[in-house]
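> I would like the atomic coordinates for the input below:
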Amino acid sequence: MSSTRKPHVIITIGMAGAGKSTFVQRINSYLHSQNPPQPPYILNLDPAVTHLPFEANIDIRDTVNYKEVMKQYNLGPNGGILTALNLFTTKFDQVMDLVEKRAETVDHIILDTPGQIEIFTWSASGAIITDAVASSFPTVVAYIIDTPRTTAPATFMSNMLYACSVMYKTKLPFILVFNKTDAQPHDFALEWMQDFESFQVALASYSGSRDSEGEPTYMNSLMNSMSLVLDEFYKHLKAVGVSSMTGAGIKEFFDAVEESRETYRTEYLPELERARAAREKSLQDVKQDSVNRLMKDLAVDRAANPRAAAEDRWASDEEDDDDDEELEVNLIDRSEEPYPGQYIDVTRMRRQSENINWPNPG
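So this is what the prediction gives:
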């Protein structure tokens, strides 16, 4: 890897059961099979997982005991996962130090997030981790979708809405990954994304789309409206179909990851710089406002107590000059020559010279 080329971070996000960990295992296997091998640097952020199909370089389970967190804080499963992630995030600066040390030797850094999607995407710890890696390395979000479970228009629409919300929250390059294409091809999803009318037809033919009087149901009308809203969202979205079981589509996924590097450079980085500049300006404005209020309070105090203000002042320049003449001090470097009161090692003095001038007590 070139010393000037930073590794690419892949954050895998998706609903529970979408196959995130299996997908991470597959892309890990793919990178190891390259010639020469390109082993990635993997971070596991799921404290509740019992088995990983890959070897993680950094594992949250080595730092936080999920069951102990539940026991000590009297929490349920989701609360335990969230608290464990929060505790881990307090040490994430150390994680970033470890990652940056390996940055010159790897091409990809992969983050496997908890199965409960909301724990990572809508928590403070998830935002901190995402911002930390995205401010240091080119980053892309891979949103994993369970393709066989999105054949129903309602499920498909809910997945797209969630993907849209995650993309606009992170503002990072985004790839829709339709997983499990060995069980269900993703062609129908691409067609629905590219052709609004085909989704309308599928929605109309879906059972439960009309009430007993033959009128479209509320959910049917809502999904029709949302599909129109998401039409613009689809135009700026990369979508690939993969099979974590067979490895089909993994090369196309990495092609999309490489294309997202330019998007990160041209869109995310300028926005990051603008946000930093705005934050710095906000801090300066707050400091200036504090100084202005302090000076205003001092002016009011002087006006209310002119006598006290007259007494509360520095001496004149002439008085300062007189004081300087009276308090003239000669600085002495005590590093080499002994001075009165200095500690004397008598034993060492005797070894060096027997001529010792003892102080006269009288």
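> where does the stretch 201-350 of the chain dip in pLDDT?
Scanning the stretch 201-350 of the chain for pLDDT under 70 picks out the ranges 207-216, 308-350.
> list the residues that contact Ser244.
For Ser244, the contact set (Cβ atoms under 8 Å, 6 or more residues apart in numbering) comprises Gly19, Thr22, Phe23, Gln25, Arg26, Asn179, Lys180. Heads up, the C-betas are built off the backbone N, CA and C, glycines and all.
> actually Asn65, not the one I typed
The contact partners of Asn65, by Cβ under 8 Å, 6+ apart, come to none.
> out of the contacts of Ser244, give me the two with the largest separation.
Gln25 and Lys180 (13.9 Å; Cβ to Cβ).
> so for Ala132, what's the pLDDT?
Note for Ala132: predicted pLDDT of 93.
> equivalent analysis for Ile58, please.
The model's pLDDT for Ile58 equals 94.
> residues in contact with it?
Ile42, Leu43, Asn44, Val95, Leu98, Val99.
> in the sheet, who's paired with the first one?
Beta-bridge partners of Ile42, counted by DSSP bridges, are Ile110.
> thinking again about what came up before, out of the contacts of Ile58, which are buried?
Using 16 or more other Cβ atoms under 10 Å as the burial test, the contacts of Ile58 include Ile42, Leu43, Asn44, Val95, Val99 as buried.
> including distance to Pro53 and pLDDT, could the residues you listed go into JSON lines?
Output for these, formatted as JSON lines (distance: Cβ to Cβ, whole Å; pLDDT from 0 to 100):
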{"residue": "Ile42", "distance to Pro53": "11", "pLDDT": "95"}
{"residue": "Leu43", "distance to Pro53": "15", "pLDDT": "95"}
{"residue": "Asn44", "distance to Pro53": "11", "pLDDT": "95"}
{"residue": "Val95", "distance to Pro53": "22", "pLDDT": "92"}
{"residue": "Val99", "distance to Pro53": "22", "pLDDT": "93"}
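> what about the residue nearest to Asp146 when sequence neighbours are not counted, which helix or strand?
Excluding its sequence neighbours, the residue lying closest to Asp146 (Cβ to Cβ, 6 or more residues apart in numbering) is Ala18, at 4.5 Å. Assessed by DSSP states H and E, Ala18 sits outside every helix and strand.
> tell me where the stretch 251-362 of the chain has helices.
Under the criterion DSSP state H, counting those that start in this stretch, the stretch 251-362 of the chain contains helices at 269-304, 306-311, 317-326, 346-352.
> no, scratch that, I was asking about the stretch 1-150 of the chain
Going by DSSP H, counting those that start in this stretch, the stretch 1-150 of the chain shows helices at 20-32, 66-73, 77-89, 92-101, 117-121, 124-134.
> can you put these in a markdown table and add distance to Leu294?
Formatted as a markdown table, the helices of the stretch 1-150 of the chain follow (distance: least, Cβ to Cβ, whole Å):
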| stretch | distance to Leu294 |
| --- | --- |
| helix 20-32 | 53 |
| helix 66-73 | 43 |
| helix 77-89 | 36 |
| helix 92-101 | 34 |
| helix 117-121 | 43 |
| helix 124-134 | 33 |
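> for Thr155, find the nearest of those helices.
Of all the helices of the stretch 1-150 of the chain, helix 117-121 sits nearest to Thr155, with 14.5 Å by Cβ to Cβ.
> can you list the buried residues in that closest one?
Buried positions in helix 117-121, judged by neighbour count with 16+ other Cβ under 10 Å: Ile117, Ile119, Phe120, Thr121.
> go on, stretch 224-244?
224, 227, 230, 233-234, 237-244.
> and the two most separated of the buried ones among the contacts of Ile58?
Applying Cβ to Cβ across the buried ones among the contacts of Ile58, the maximum distance is between Asn44 and Val99, 13.5 Å.
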